[in-house]
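1. Provided below for reference: sequence and predicted model.
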Amino acid sequence: DAGVTQTPRHEVAEKGQTIILKCEPVSGHNDLFWYRQTKIQGLELLSYFRSKSLMEDGGAFKDRFKAEMLNSSFSTLKIQPTEPKDSAVYLCASSSQGSNTEVFFGKGTRLTVV
Amino acid sequence: AQSVDQPDAHVTLSEGASLELRCSYSYSAAPYLFWYVQYPGQSLQFLLKYITGDTVVKGTKGFEAEFRKSNSSFNLKKSPAHWSDSAKYFCALVRGGSNYKLTFGKGTLLTVTP
């Protein structure tokens, strides 16, 4: 059974570019999350979808970050325009519906903005 | 709003010793609590969870955690520790209800020396 798949694994962007990160959740999972991981801030929620509907987005990230769930098996995170402070690991995760269920994480995309 | 605090950024101990990683939370109602582990170069993996019932829960890899409502804590324990336990450990909270997002602590980096 495939886990959460994220592509690309690494991305280098120049400041001001638009980048799109991709995520395929575990088949059958209803909830999808995008997190950003940095050493200083830790894990921050960017967006949360349930059955393709946006449940929550991280207030601080509304400006240049836009996540979409195009269908139940594919999501994208667009950062436009990128800034050097966006350099981080972006994690996608999914779970079946239920607050007591395990969340499965992808391997992440490491973004470097120069 | 809910929050999770992991007061120890880094813990070092010798192989064979007992480990206890601290986690406290702030939430007005009964939370669902989780521990995740991140090995170097890898993504987050589920260890264990507390939903309700027995306050001591057992998880994978020989770990257990104790929920203490009296002091809002959910500490992770293992004895004895092994060098392969060296990793970053994250405590997380889910509010329950209809919102299943994980709110994470900043993590504790555990180093077990052989």
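-> Received the coordinates, thanks. Keep in mind that what you see is a predicted model, and the values were worked out from it rather than measured.
2. From here on, just use CA atoms for contacts and neighbour counts.
-> OK.
3. Tell me how far the residue nearest to residue A:84 when sequence neighbours are not counted lies from residue A:14.
-> Distance criterion Cα to Cα, 6 or more residues apart in numbering or on different chains; nearest residue to residue A:84, sequence neighbours excluded, is residue A:113 at 4.7 Å. Separation of residue A:113 from residue A:14 (Cα to Cα, to the nearest Å): 5 Å.
4. Could you tell me how many residues sit around the residue nearest to residue A:84?
-> 17 (other Cα atoms under 10 Å in any protein chain shown).
5. Would you confirm that it contacts residue A:87?
-> Yes - counting by Cα atoms under 8 Å, residue A:113 touches residue A:87, with 5.5 Å between them.
6. in the sheet, who's paired with residue A:93?
-> Note on residue A:93: beta-bridge partners residue A:33, residue A:105, judged by DSSP bridges.
7. Give me the neighbour count for it.
-> Residue A:93 is flanked by 26 other residues according to other Cα under 10 Å.
8. which residues sit in contact with it?
-> Listed by Cα atoms under 8 Å, 6 or more residues apart in numbering or on different chains, the contact partners of residue A:93 are A:4, A:25, A:32, A:33, A:34, A:35, A:103, A:104, A:105, A:106.
9. just to revisit the earlier point, give the residues shared as contacts by residue A:113 and residue A:14.
-> Contacts common to residue A:113 and residue A:14, judged by Cα under 8 Å, 6+ apart, are residue A:82.
10. how many other residues sit next to the nearest residue to residue A:29 once chain neighbours are set aside?
-> In space, and not counting its chain neighbours, residue A:29 is closest to residue A:96: 4.3 Å by Cα to Cα, 6+ apart. Using other Cα under 10 Å, residue A:96 is surrounded by 19 other residues.
11. same thing with residue B:75?
-> 20.
12. ok, and for stretch B:51-69, which residues are buried?
-> For stretch B:51-69, the buried set under the neighbour-count rule, 16 or more other Cα atoms under 10 Å in any protein chain shown, comprises B:51, B:57, B:58, B:63, B:64, B:65, B:66, B:67.
13. Partner strands of the host helix or strand of residue A:110 and their direction?
-> Per DSSP states H and E, residue A:110 falls inside strand A:109-113. Strand A:109-113 pairs in its sheet with strand A:10-13 (parallel), strand A:88-95 (antiparallel), by DSSP bridges.
14. closest to residue A:80 out of the ones you listed?
-> Of all these, the one in closest proximity to residue A:80, counting by Cα to Cα, is strand A:10-13 (11.0 Å).
15. Now do that closest one: distance to the chain's middle.
-> How far strand A:10-13 lies from its chain's middle: 15 Å, per Cα atoms, centre = their mean, to the nearest Å.
16. circling back to that earlier point, the residue nearest to residue A:29: what's it in contact with?
-> For residue A:96, the contact set (Cα under 8 Å, 6+ apart) comprises A:28, A:29, A:30, A:31, A:102, A:103.
17. among the residues you listed, who's most crowded?
-> residue A:31 (26 neighbours).
18. Surely that residue and residue A:51 touch.
-> Yes - using Cα under 8 Å, residue A:31 is in contact with residue A:51, at 6.4 Å.
19. What residues does chain A have near chain B?
-> Residues of chain A lying close to chain B by Cα under 8 Å from any Cα of the partner chain are A:33, A:41-45, A:48, A:55, A:98-100, A:102-108.
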